[in-house]
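Asks: Sequence and computational prediction follow.
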Amino acid sequence: MNTGTNTGTGAGTDAAHTAAGTPAGAVRGRDQLVVAVDGPSGSGKSSVSKEVARRFGLAYLDTGAMYRALTWWCLDRGVDLADAAAVADAARELPLDQGTDPDRESVLVAGTDVGEEIRGARVTESVSAVATNPAARAALVARQQEVIARSGRRIVAEGRDITTVVAPDAHARILLTADERARMARRGLQNGGTPDAEQLHQQVVGRDAKDSTIVNFTEAADGVVTIDSSDLTVEQTVQAVIDVVVRAAGRPA
Ligand SMILES: Nc1ncnc2c1ncn2[C@@H]1O[C@H](COP(=O)(O)OP(=O)(O)OP(=O)(O)O)[C@@H](O)[C@H]1O
Ligand SMILES: Nc1ccn([C@H]2C[C@H](O)[C@@H](COP(=O)(O)O)O2)c(=O)n1
């Protein structure tokens, strides 16, 4: 078990009866429950956040998909990613329709389903150029805050700056980490065992290095609980997050 200091969590705990002794059912019944999850590439944010949302009956917001959709839109329209003003304009105008059902990913840009294309190499290799544009970030952060408000503040949101910028007032704030070796191995498996080690390194470590020039997702801000999933299974990581949420939900936001 590799959670950060003072989490008091225990992997493998029954979700219905946690270490804090608070039934998860009571947490499910809360009017509002915002769970913020940040972390580096391949730390497991998407898989774990989706499952946590399902178990608590919450909406799910993948903010990385927003940066990816904006990148797709810029590339599709021939916007020069080095032109900061043009990218910021595109961010404000982006005709994005993104679902928040954890069981059904849906990302439409101007009516086109881009769910698969935004995960491809073309977007992955360019997304950091967009994500490091401060004005574009401001436009997307505002949209993310709108989505959280429209959910009735019943949502799990994940990304790089959710605990610090998008929802610093979330009920539970978690930094999900894993060491480089684990993250590279996971992403390699996810890609079907990418044979090109250099490409894999670039997709995980290289992208994090670029992204972290504008947001800090490697150190937990005050009040943020670190969960290190390097040696945990997916299910153990989900349980560790659930434990943090149940503990936090007992306190006022
Ligand atoms: N203990 C674990 N916790 C979470 N995910 C794990 C774990 N072990 C393996 N994985 C796997 O790691 C892969 C990467 O997870 P995921 O896509 O959720 O990461 P991510 O942090 O959202 O990455 P990115 O930010 O690059 O999108 C998935 O295939 C997931 O099943
Ligand atoms: N809140 C966020 C979410 C994502 N990003 C950036 C960092 C990534 O390179 C890119 C895609 O994210 P992923 O789908 O890999 O999680 O978007 C960010 O800067 N802030």
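Replies: Arrived safely, thanks for sending. Ligands and ions are numbered 1, 2, ... in the order given.
Asks: Get me the contact residues on the stretch 101-250 of the chain for ligand 2.
Replies: If contacts are counted using CB under 6 Å from any ligand atom, the residues of the stretch 101-250 of the chain sitting beside ligand 2 are 127-128, 131, 159-161, 207, 211, 215. (Glycine included, C-beta is placed from N, CA and C.)
Asks: Name the member of those with the most neighbours.
Replies: With neighbours defined as other CB atoms under 10 Å, the most crowded of these is Gly159; it has 29 neighbours.
Asks: Which residue is the nearest non-sequential neighbour of that residue?
Replies: Closest residue to Gly159 apart from its sequence neighbours, by CB to CB, 6 or more residues apart in numbering: Thr63 at 3.5 Å.
Asks: same deal with Met66?
Replies: In space, not counting the residues next to it along the chain, Met66 is nearest to Leu140; the distance is 5.2 Å by CB to CB, 6+ apart.
Asks: so where do the helices sit in this protein?
Replies: If DSSP state H is used as the criterion, the helices of the chain fall at 24-28, 45-56, 63-77, 84-93, 121-131, 134-150, 180-190, 197-201, 207-211, 234-249.
Asks: how about those in CSV, adding mean pLDDT and distance to Thr226?
Replies: Formatted as CSV, the entries for these read as follows, by pLDDT from 0 to 100; distance: least, CB to CB, whole Å:
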stretch, mean pLDDT, distance to Thr226
helix 24-28, 66, 21
helix 45-56, 98, 13
helix 63-77, 98, 19
helix 84-93, 98, 30
helix 121-131, 96, 22
helix 134-150, 98, 22
helix 180-190, 93, 15
helix 197-201, 88, 24
helix 207-211, 96, 16
helix 234-249, 96, 10
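Asks: okay if I get these as JSON lines plus distance to ligand 1?
Replies: As requested, the helices of the chain are arranged in JSON lines below (distance: least, CB to the nearest ligand atom, whole Å):
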{"stretch": "helix 24-28", "distance to ligand 1": "19"}
{"stretch": "helix 45-56", "distance to ligand 1": "3"}
{"stretch": "helix 63-77", "distance to ligand 1": "5"}
{"stretch": "helix 84-93", "distance to ligand 1": "19"}
{"stretch": "helix 121-131", "distance to ligand 1": "8"}
{"stretch": "helix 134-150", "distance to ligand 1": "15"}
{"stretch": "helix 180-190", "distance to ligand 1": "3"}
{"stretch": "helix 197-201", "distance to ligand 1": "12"}
{"stretch": "helix 207-211", "distance to ligand 1": "8"}
{"stretch": "helix 234-249", "distance to ligand 1": "4"}
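Asks: can you list the ones you listed in JSON lines and add distance to Arg173?
Replies: Shown next, in JSON lines, are those (distance: least, CB to CB, whole Å):
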{"stretch": "helix 24-28", "distance to Arg173": "16"}
{"stretch": "helix 45-56", "distance to Arg173": "13"}
{"stretch": "helix 63-77", "distance to Arg173": "14"}
{"stretch": "helix 84-93", "distance to Arg173": "25"}
{"stretch": "helix 121-131", "distance to Arg173": "20"}
{"stretch": "helix 134-150", "distance to Arg173": "13"}
{"stretch": "helix 180-190", "distance to Arg173": "21"}
{"stretch": "helix 197-201", "distance to Arg173": "29"}
{"stretch": "helix 207-211", "distance to Arg173": "19"}
{"stretch": "helix 234-249", "distance to Arg173": "8"}
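Asks: Cool, thanks, talk later.
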